[in-house]
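Enquirer: Test case, fold it:
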Amino acid sequence: MAIIRLGHRLRLTGGDAANYLKETGRSQLPRTVNEYNQAFIEAAASWALTDTPEGMLMSAVLLSFLLEE
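Expert: Coordinates of the predicted model:
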């Protein structure tokens, strides 16, 4: 279970891959840091639109997964 990174290229394995797919609703794993971050930003925005305390919490949690570019 790891995130393997070489520059901007990215590979998710094990639990990290499963969590990414579940939390973002995507069907394919990202190949770059930008794709990874964009998926989490979009998922966080969707949760924020619910305008509930739970949605705001989920949005903040998802944004905490962003990787430094």
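Enquirer: quick one: contacts for the residue most central in space within the chain?
Expert: Most central in the chain under Cα atoms, centre = their mean is Phe40, positioned 3.4 Å from the mean C-alpha point. Phe40 makes contact with 23-24, 62-63, 65-66 under the criterion Cβ atoms under 8 Å, 6 or more residues apart in numbering. To be clear about C-beta, it is placed using only N, CA and C from the backbone, and glycine gets the same treatment.
Enquirer: Please repeat the previous calculation with a cut-off of 6 Å.
Expert: By Cβ atoms under 6 Å, 6 or more residues apart in numbering, Phe40 lies in contact with 62, 65-66.
Enquirer: likewise His8?
Expert: Residues near His8 by Cβ under 6 Å, 6+ apart: 32-33.
Enquirer: Point out where the protein drops to low pLDDT.
Expert: 1 (pLDDT under 70).
Enquirer: for it, what spans make up the strands?
Expert: Taking DSSP state E to define them, one finds strands in the chain at 2-6, 9-13.
Enquirer: So which of those strands is the most surrounded?
Expert: Comparing these by mean neighbour count (mean count of other Cβ atoms under 10 Å), strand 9-13 comes out on top with a mean of 15.
Enquirer: which outside residues touch that one?
Expert: Contacts of strand 9-13 (Cβ under 6 Å, 6+ apart): 2-4, 20, 29-30, 32-33, 36.
Enquirer: pull the longest helix from this protein.
Expert: Identified as the longest helix of the chain according to DSSP state H is helix 33-48.
Enquirer: okay, the angle between that one and strand 2-6?
Expert: On the basis of axes from the mean of the first three to the mean of the last three Cα atoms, to 10 degrees, helix 33-48 is oriented at 130 degrees to strand 2-6.
Enquirer: Going by neighbour count, which residues of helix 33-48 are buried?
Expert: Within helix 33-48, the residues that count as buried by 16 or more other Cβ atoms under 10 Å are 33, 36-37, 39-40, 43-44, 47-48.
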